[in-house]
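Participant: Got a sequence here, can you build the structure:
(one chain, ligands or ions: 1)
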Amino acid sequence: MINNQEPLSAAAVSDNLNTALIGRHVEYFPVVSSTMDAARDLVRKGVPEGTVVIAEEQTAGRGRLARSWLTPQGNIALSVILYPRISHLPEMIMLASLGVARSIEVVTGIKPGIKWPNDILIGGKKVCGILLEADARVSPGERAAYVIIGIGINVNLQPSGFSEIASTATSLSLAAGKAISRVALVRNLLMEMDKLYVELNTGRSLFEKWQKSLVNLGQAVTVTSFDAVFEGTAESVGPDGSLFVRCPDGALRRVVAGDVTLKDNGWK
Ligand code: BTN
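Facilitator: Modelled structure (predicted):
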């Protein structure tokens, strides 16, 4: 573990941040159950779109598919609150993964891959997980009541020190061979997400960029979706974010939610 982390704070993240919306308002918590819960409380209070919740430590961080999420020292744990148009809901995951991948590249010089549906990988290992929670009931202006994008990035830590993630995860410091500024990374992430949100709101789709960044296409995969587990080749993705898998019997199956494991190297 790398100690003496550069401190995070609302001011360090948001002062002079060059964004239209995302990160104009930041709430920092030294300790919170989950930034997702804190964000949901803020939504109920009517905070502006683009509000960011960031925490040094989560006592009950959660991941996709009801998994728990570790927040060791040196991690980044944050949630971004958006009220997007209903028609943009499928692109929220594209926005989040592209934003994380670009910011990692800008800050570290390392180009990560995106594994469907929303893991960010370096060298085949997970460096970031993304969780989306949404209330899609329509608000005025054909907007979703809320989308909360939760992002957890392993920045300055040694995954080998945590048995739960030792074999499947990496960190930016491990990949780059040096400590990475969490403040620089968060600021960059918010700027990249903001740019992508502006693109979306001015009618440009994020689908092509997202599709090109996916590392699973053409790969043999094991798919877990709800109660089903099956094997095939990840063939393509649709503009709604779904994955098409060619099965050994020739059938093409559409997967809207779930997880895939690449068969050749076994990471998750
Ligand atoms: C996954 O890969 O399963 C998604 C992990 C998402 C973790 C982040 S950390 C910040 C936010 N708060 C949480 O409790 N979860 C997300």
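
Participant: which parts of the lengthiest helix in the chain are buried?
Facilitator: The helix spanning the most residues in the chain, taking DSSP state H as the definition, is helix 182-201. Neighbour counts over helix 182-201 (16 or more other CB atoms under 10 Å) mark 182, 185-197, 199-200 as buried. For every residue, glycine as well, the C-beta is placed using N, CA and C.

Participant: same thing with stretch 152-162?
Facilitator: Using 16+ other CB under 10 Å as the test for burial, stretch 152-162 gives G152, I153, N154, V155, N156, L157, Q158, P159.

Participant: mind checking how far that stretch is from the chain centre?
Facilitator: Once both centres are worked out by CA atoms, centre = their mean, to the nearest Å, stretch 152-162 turns out to sit 16 Å from its chain's centre.

Participant: Using PDB, list the CA coordinates for that stretch.
Facilitator: What follows is stretch 152-162, C-alpha atoms only, in PDB (Å, rounded to 0.1, in the frame of the first residue of the first chain):
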ATOM      1  CA  GLY A 152     -14.300   3.100  -8.300                       C
ATOM      2  CA  ILE A 153     -10.700   3.300  -9.500                       C
ATOM      3  CA  ASN A 154      -7.700   1.500  -8.100                       C
ATOM      4  CA  VAL A 155      -5.100   4.300  -8.100                       C
ATOM      5  CA  ASN A 156      -2.300   4.100  -5.600                       C
ATOM      6  CA  LEU A 157      -2.600   0.600  -4.100                       C
ATOM      7  CA  GLN A 158      -1.100  -2.900  -4.300                       C
ATOM      8  CA  PRO A 159      -3.900  -5.300  -5.200                       C
ATOM      9  CA  SER A 160      -1.800  -8.200  -4.000                       C
ATOM     10  CA  GLY A 161      -2.500  -6.900  -0.500                       C
ATOM     11  CA  PHE A 162      -6.200  -7.700  -0.800                       C
END
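
Participant: pLDDT, distance to the ligand and secondary structure added to the buried residues of stretch 152-162, as TSV?
Facilitator: Compiled in TSV, the buried residues of stretch 152-162 are given as follows (pLDDT from 0 to 100; distance: CB to the nearest ligand atom, whole Å; DSSP: H, G, I helix; E, B strand; the rest coil):
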residue	pLDDT	distance to the ligand	secondary structure
G152	98	3	strand
I153	98	8	strand
N154	96	10	strand
V155	97	12	coil
N156	95	16	coil
L157	92	13	coil
Q158	91	18	coil
P159	92	14	helix
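
Participant: In the residues you listed, find the pair that's most separated.
Facilitator: Taking CB to CB as the measure, these reach their widest spread between G152 and Q158, a distance of 16.2 Å.

Participant: all helices of the stretch 1-150 of the chain, in order?
Facilitator: If DSSP state H, counting those that start in this stretch is used as the criterion, the helices of the stretch 1-150 of the chain fall at 10-14, 35-44, 92-108.

Participant: Just the buried residues of the first one, please?
Facilitator: Neighbour-count burial for helix 10-14, with 16+ other CB under 10 Å as criterion, is recorded at A10, A12, V13, S14.

Participant: same thing with the longest one?
Facilitator: Neighbour counts using 16+ other CB under 10 Å place 92-104, 107-108 of helix 92-108 among the buried residues.

Participant: Bridged to the closest residue in space to G129 that isn't next to it in sequence, which residues?
Facilitator: Excluding its sequence neighbours, the residue lying closest to G129 (CB to CB, 6 or more residues apart in numbering) is G152, at 5.1 Å. Here G152 sits in beta bridges with A77, G129, going by DSSP bridges.

Participant: residue contacts, G152?
Facilitator: By CB atoms under 8 Å, 6 or more residues apart in numbering, the contact set of G152 is G61, G63, W69, T71, N75, I76, A77, C128, G129, I130, L131.

Participant: thinking the first one is in contact with S34, fair?
Facilitator: Put plainly, it is G61. Yes: between G61 and S34 there is a contact at 5.4 Å, judged by CB atoms under 8 Å.

Participant: re the thing from before, from A77, how far off is the residue nearest to G129?
Facilitator: Plainly put, G152 is 5 Å away from A77 if you go by CB to CB, to the nearest Å.
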